[in-house]
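Colleague: just the structure for this:
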Amino acid sequence: MKVAMVGHHYPHAAHREEFVSRVRRTAEVFRRTPGCLSAEYWLTADGDAVVSIVRWESEEASRASLAAVQAAPELDLVFDEREVRPREIVRLVAP
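Modeller: Numbering: from 1, shown residues only. Next up is the predicted model:
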């Protein structure tokens, strides 16, 4: 069963470029993990949020991929004062 994750991230305007770069690097690492079907990121039309979308071929691939990304030393995944509000993460499953 395919699964996906959609994340809404809300960087401060002063950190938007840096945040988009962080999300881009994270998407690149996701794409290299086995079972990842796609990893992309978008800006909302008003520019207030960065939306990341990752899809996997299975729940097992998702878990392994997330673990690999969290362990990647080159990524900055921390939530801190560079974001104006907490991230919203939604997990999806294909019917």
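Colleague: give me the mean pLDDT for stretch 65-78.
Modeller: Averaging pLDDT along stretch 65-78 yields 96.
Colleague: list the buried residues in that stretch.
Modeller: Ser65, Val69, Ala72 (16 or more other C-beta atoms under 10 Å). Where C-beta positions appear, they are placed from N, C-alpha and C, glycine not excepted.
Colleague: so which of these sit within helices?
Modeller: Ser65, Val69 (DSSP state H).
Colleague: redo the buried residues of stretch 65-78 as TSV? Include distance to Val23.
Modeller: Listed next are the buried residues of stretch 65-78 as TSV, based on distance: C-beta to C-beta, whole Å:
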residue	distance to Val23
Ser65	15
Val69	11
Ala72	13
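Colleague: ok, so of the buried residues of stretch 65-78, who is nearest Thr33?
Modeller: Relative to Thr33, the closest of these is Ser65; by C-beta to C-beta it sits at 4.0 Å.
Colleague: so the closest one touches Trp56, yeah?
Modeller: Yes. Between Ser65 and Trp56 there is a contact under C-beta atoms under 8 Å: 6.1 Å.
Colleague: list residues touching both of the two?
Modeller: Gly35, Cys36 (C-beta atoms under 8 Å, 6 or more residues apart in numbering).
Colleague: helices of this protein, start to end?
Modeller: Taking DSSP H as the criterion, the chain carries its helices at 16-32, 59-71.
Colleague: of those helices, which is nearest Pro86?
Modeller: Using C-beta to C-beta, the nearest of the helices of the chain to Pro86 is helix 16-32, at 14.2 Å.
Colleague: what comes up buried for the closest one?
Modeller: Arg16, Phe19, Val20, Arg22, Val23, Thr26, Ala27, Val29, Phe30.
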